[in-house]
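Undergrad: Below are the sequence and a predicted model; questions follow.
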Amino acid sequence: MSIPLPFRKSSARDRARQDWIDERRREARMVVADVAHHSDYLVRLACKVLVQHGETFEEREDARILLVVLDAKTPGRLPAPDREGRS
């Protein structure tokens with residue numbers, strides 16, 4: 001939720017932007033709520049939306065934690081090992 005600035009009138013463009021963000025937030029919540037039926041890529045994208053635009057601190061923090069879990073389970077996102085097999 002954005003806070004209107006006192007020195008600036010709200011315009012139709014601002015309202016349209018906020019409506020767009022609200023719709024993306026709603027879609028992200030649906031993906032996270034049904035995480036077992038969505039790809040890691042889509043869940044990661046939804047979490048990034050919620051980390052950036054979540055309405056509460058708890059929502060943003062939960063999305064951030066889920067991102068950490070996804071990163072931990074996806075070995076392809078880790079640095080490649082060197083010649084001796086170390087990362």
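TA: Yep, it's here.
Undergrad: going forward, measure contacts between C-alpha atoms and count neighbours the same way
TA: OK.
Undergrad: quick one: secondary structure of residue 9?
TA: Here residue 9 is recorded as coil under DSSP: H, G, I helix; E, B strand; the rest coil.
Undergrad: quick one: it from residue 34, how far?
TA: 39 Å (C-alpha to C-alpha, to the nearest Å).
Undergrad: In which helix or strand does residue 50 reside?
TA: helix 40-53 (DSSP states H and E).
Undergrad: who touches that helix?
TA: By C-alpha atoms under 8 Å, 6 or more residues apart in numbering, the residues outside helix 40-53 that reach it are 1, 21, 24-25, 27-29, 31-32, 35, 59-61, 63-64, 66-67, 70.
Undergrad: cool, stretch 61-80 as well?
TA: Contacts to stretch 61-80, defined as C-alpha under 8 Å, 6+ apart, come from residues 40, 44, 47, 48, 50, 51, 87.
Undergrad: want to try CSV for the residues you listed, with neighbour count and pLDDT as columns?
TA: Listed next are these as CSV, based on neighbours: other C-alpha atoms under 10 Å; pLDDT from 0 to 100:
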residue, neighbour count, pLDDT
40, 16, 91
44, 23, 95
47, 27, 96
48, 18, 96
50, 24, 96
51, 21, 96
87, 9, 52
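Undergrad: and which of those is nearest residue 13?
TA: The shortest approach to residue 13 among the contacts of stretch 61-80 belongs to residue 50, at 22.1 Å (C-alpha to C-alpha).
Undergrad: picking that back up, pick out the most distant pair among the contacts of stretch 61-80.
TA: 50 and 87 (30.9 Å).
Undergrad: mind listing what residue 28 touches?
TA: Residue 28 touches 43, 45, 46, 47, 49, 50, counting by C-alpha under 8 Å, 6+ apart.
Undergrad: one more time with 10 Å
TA: Residue 28 sits next to 22, 42, 43, 44, 45, 46, 47, 48, 49, 50, 54, 63 when contact means C-alpha atoms under 10 Å, 6 or more residues apart in numbering.
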